[in-house]
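**Q** Kindly generate the corresponding structure for this input.
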Amino acid sequence: MSKSAKQAEPSPPEPADQMIIRDLETVKVLTDPLRLEILELMRQPITVKAVARSLKMPPTKLYYHIGQMEAHGLIRVVATRVVSGIIEKQYQVTARHYSIDRKLLGVDKNNHHSLTQILHNVLDGVSADIQKGLESGLIRVGDEHPVHQRLVLGRTLVRITPQQAQEFIEKINQLLKQFSEDPSEEAQPYSFLIAFHPHSQAKVMEGDDG
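**A** Numbers count the residues shown, from 1 in each chain. You can find the predicted model right below:
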């Protein structure tokens, strides 16, 4: 008898285009830097062992994180097979994009600490990923390198109307959707971080204009 045998299962459902996170506990699970890396790897069906190989860590250190992600609906089992008498599972994200319900981002005495932690986790995860890319040579710094290898990093302030702000966000969402649909076999993952918000001095600046 073969050591490996696939169970007959229907084709797994495709991930939803978007999942809106509506509770802080799920947000905390989602924004953990390691879990963000796992989610990126699980955009396609993958086993825990394969994730561990990619992250260069033992699978035993991933089971808790994957259990939390599955319990909060961020990932799901999409296929199983029996290998040497042991059931091996393949996981995949439940959505291609995750958004946080804007109601959770309001700052009050109940969730101020949670919001601060969310911001730290997101920024720490991006920082760690950039550092890894620089150390491995995957990310290059300097205009002499091709655009697809460069780190693009910056911050700027713009003065626009509320209508222009709405148009800007709509165009960003359209671009993200356009480039995430039907990726070719040559496609590589790129990290995209956006923080678009009224500047903390917006009211002061508006008052100065008057």
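**Q** Need the nearest residue in space to the most centrally placed residue in the chain, chain neighbours excluded.
**A** Centroid-nearest residue in the chain, with Cα atoms, centre = their mean: residue 36, separated by 5.2 Å. Nearest non-adjacent residue to residue 36, counting by Cβ to Cβ, 6 or more residues apart in numbering: residue 125, 4.8 Å away. (Glycine included, C-beta is placed from N, CA and C.)
**Q** so which strand or helix has that neighbour?
**A** helix 112-136 (DSSP states H and E).
**Q** What of residue 152?
**A** Remark: residue 152 resides in no helix or strand, with elements defined by DSSP H and E.
**Q** who are the neighbours in contact with the residue nearest to the centre of the chain?
**A** Residue 36 makes contacts with 30, 122, 125, as judged by Cβ atoms under 8 Å, 6 or more residues apart in numbering.
**Q** at 10 Å instead, please
**A** If a contact means Cβ atoms under 10 Å, 6 or more residues apart in numbering, then residue 36 has 30, 98, 121, 122, 124, 125, 126, 128, 129, 191 as its contacts.
**Q** That one should be in a strand, yeah?
**A** No - according to DSSP: H, G, I helix; E, B strand; the rest coil, residue 36 belongs to no strand; its state is helix.
**Q** so what pLDDT did it get?
**A** If you check residue 36, the pLDDT there is 86.
**Q** which other residues reach the helix or strand encompassing residue 173?
**A** In the assignment (DSSP H and E), residue 173 maps to helix 162-180. For helix 162-180, the external contacting residues (Cβ under 10 Å, 6+ apart) are 17-18, 43, 96-97, 158, 160-161, 187, 190, 192, 194, 196-198.
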